[in-house]
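>>> for reference, the sequence and a predicted model appear below.
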Amino acid sequence: LLECKEKYPDKLFVHRVDGPMRLYNSMSDERDHLVYNLNQRCANATVFQSQWSHAANSRMGMKITGPFCVIGNAPDPSIFNRDYEKNNSDKLRLIASSWSDNIRKGFRYYKYLDDNLDFSKYQLSFAGRSPLKFKNIVMLGALNTQQVAENLKNHDAYLTASENDPCSNSLIEAMTCGLPPIALESGGHPELVGDSGLLFKNAEDLLDKLEIMRYNISEYRSNIEVKSILEISNDYISFFERIYTRSKI
């Protein structure tokens, strides 16, 4: 990248930043320092995936000297969509998912629910890989993208307890499929959830929020708002045009 910057000094480099990675891995993770160093040396502008990511990276030592903006993510609309009919169920069918088996992806909360949730009222499924064993949660295993979408559409609401997640693609995919979320109040979750779902602070609060969702799911479902992939693309184009125009002044 540095060689490319040196070879094309007149070209504009826009850096899309995730993380901070130290907050959901460990404080010994060196990748954030690499990101910050390259941003200083190469980036003419920076894109963050959430307001939280911008603020957290700044607190962790990132020096942002050039223009920046926040642009979220969007899934493939041919896979993740509302073009289906929902089957009715007496239970509130919850689904959680994570490809990573990092314990901070919410597994302590899922274990709590496995031990304490009233499974006569709820069904809880998990798609992905887990470091923990469960006795009541339905394990769907590691799925490909199409299978994830199919399983989302067979459930009523989405649960995520991941910590310090800057802009959860899994959460966006679920909301795009019409699933109102119950999400841990952490990372970029509040920005994505808005009025379309509920945030919880701890395990006991999670049980309360699940009950609220069970009785008000239609209202939350009608409040879901997610940007389309076309809108996200246009946000990038607009930012690139602004940076380009600024560079010519």
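Yep, that arrived. Values in this document were obtained by computation on a predicted structure and should not be read as measured data.

>>> spatially central residue in this protein, please.
When the chain is reduced to its mean C-alpha position, the nearest residue by Cα atoms, centre = their mean turns out to be S168, at 0.8 Å.

>>> retrieve the pLDDT associated with that residue.
Model confidence at S168, given as pLDDT, is 95.

>>> distance of it from N88?
Distance, S168 to N88, using Cβ to Cβ, to the nearest Å: 28 Å. The C-beta positions use only the backbone N, C-alpha and C, and glycine is treated the same way.

>>> same deal with S58?
From S58 across to N88, the span is 47 Å (Cβ to Cβ).

>>> more neighbours, those two?
A direct count of neighbours by other Cβ atoms under 10 Å for S58 and N88 places S58 higher, at 13 against 6.

>>> how about the closest residue to that one other than its chain neighbours, what does it touch?
Excluding its sequence neighbours, the residue lying closest to S58 (Cβ to Cβ, 6 or more residues apart in numbering) is I64, at 6.7 Å. Each residue near I64 by Cβ atoms under 8 Å, 6 or more residues apart in numbering is listed here: N39, T46, H54, N57, S58.

>>> which one of these sits closest to Y236?
Closest to Y236 out of these is T46 (12.6 Å), distances taken as Cβ to Cβ.

>>> between the contacts of I64, which is nearest F240?
Minimum distance to F240 across the contacts of I64 is 12.5 Å, recorded for T46 (Cβ to Cβ).

>>> now the closest one: closest residue in space that isn't a chain neighbour?
F68 (4.2 Å).

>>> for that neighbour, what are phi and psi?
Recorded main-chain torsions at F68 are phi -150, psi 160, according to degrees, to the nearest 10.

>>> state the distance from the residue nearest to the centre of the chain to C69.
Taking Cβ to Cβ, one finds S168 at 19 Å from C69.

>>> same thing with S233?
The spacing between S233 and C69, counted by Cβ to Cβ, is 14 Å.

>>> of these two, which one has the most company?
Taking neighbours as other Cβ under 10 Å, S233 and C69 compare with C69 leading, 16 against 13.

>>> mean confidence for the helix or strand the more buried one falls within?
Assigned by DSSP states H and E, C69 belongs to strand 68-70. Strand 68-70 shows a mean pLDDT of 97.

>>> by neighbours, which of the contacts of I64 wins?
Busiest of the contacts of I64 [other Cβ under 10 Å] is N57, holding 25 neighbours.

>>> doesn't it lie inside a helix?
Yes: with DSSP: H, G, I helix; E, B strand; the rest coil as the criterion, N57 is part of a helix.

>>> who's the closest spatial neighbour of it, skipping the chain neighbours?
N57 sits nearest to P20 (Cβ to Cβ, 6+ apart), 5.3 Å away.

>>> and V14, by the same measure?
Nearest to V14 is A45, by Cβ to Cβ, 6+ apart, at 4.9 Å.
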